[in-house]
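Fold the following.
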Amino acid sequence: MPKPVPPLTGPFRPERRLCGDVVLVKLTPGLNPEIFDMLLHMNYKGIVVEAFGAGGLHFIRRDLVSQLQNLVSHGIAVVVCSQCLYERSDFSIYQTGRLALEKGVIQGYDMTSEAAVTKLMWALGQSEHLEGVREIFAQNIAGEVTLPR
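Numbers count the residues shown, from 1 in each chain. Okay, the predicted model is just below:
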């Protein structure tokens, strides 16, 4: 059973710096990958993608991985989580998931979409660099994610 919120190890300091330039995209069958080109031109800093199941992404006829790679190459943080309530994302299962990780996508594991969006807004408020955002997503800050051991 997961533990409640980790105990505080120091004085409480609220971090008020948030980036509001974050959007959530839910994958649906037939989604036109060009939507990500539009989001790029709209100057979003972060995108959370709700993938199918454990991390399924369009690949054969609609190459989403290339679109996500393009976003990452432009400095946009892309977090992918599952749209299933009780299933975590696991990009080691499918070839497209492994490819997406190689291209710089951040895995959301068992984070809810709401938690992923909020954490991305907060992470982008703390760091404008993708590596800083990655470091934040590699931590369980307040019980929002179960990270692999």
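
For the longest helix anywhere in the chain, buried residues please.
Ranked by residue count, the top helix of the chain under DSSP state H comes out as helix 113-126. Going by neighbour count (16 or more other C-beta atoms under 10 Å), the buried part of helix 113-126 is 113, 115, 116, 117, 118, 119, 120, 121, 122, 123, 124. All C-beta atoms are positioned from the backbone trio N, CA, C, and that covers glycine.

got it, and stretch 28-40?
Those would be 33, 36, 39, for stretch 28-40 by 16+ other C-beta under 10 Å.

and the least confident of those residues?
Checking pLDDT across these, the minimum falls on residue 33 at 87.

That residue and residue 69 touch, don't they?
No: Residue 33 lies out of contact with residue 69 (C-beta atoms under 8 Å); the separation is 11.5 Å.

Would you map the helices across this structure?
Using DSSP H, helices in the chain cover 35-41, 64-73, 95-102, 113-126, 130-137.

now the first one, how far from the centre of its chain.
Meaning helix 35-41. Here helix 35-41 is found 16 Å from its chain centre; the criterion is C-alpha atoms, centre = their mean, to the nearest Å.

Give me the contact list for that helix.
23, 25, 47, 64, 67, 68, 70, 71, 74, 76 (C-beta atoms under 8 Å, 6 or more residues apart in numbering).

Helix or strand with the lowest mean pLDDT in this protein?
helix 95-102 (a mean of 71; mean pLDDT, DSSP states H and E).

residue ranges with poor pLDDT in the protein?
Low-confidence segments of the chain (pLDDT under 70): 1-6, 53-62, 85-97.

Roughly how far does residue 69 sit from residue 16?
33 Å (C-beta to C-beta, to the nearest Å).

Looking at those two, which has the bigger crowd around it?
Remark: of residue 69 and residue 16, residue 69 carries more neighbours, 18 against 7, as counted by other C-beta atoms under 10 Å.

quick one: that one and residue 104 touch, right?
Yes: assessed by C-beta under 8 Å, residue 69 is found in contact with residue 104 at 6.7 Å.

Residue 131: which of the contacts of helix 35-41 is nearest?
residue 76 (13.7 Å; C-beta to C-beta).
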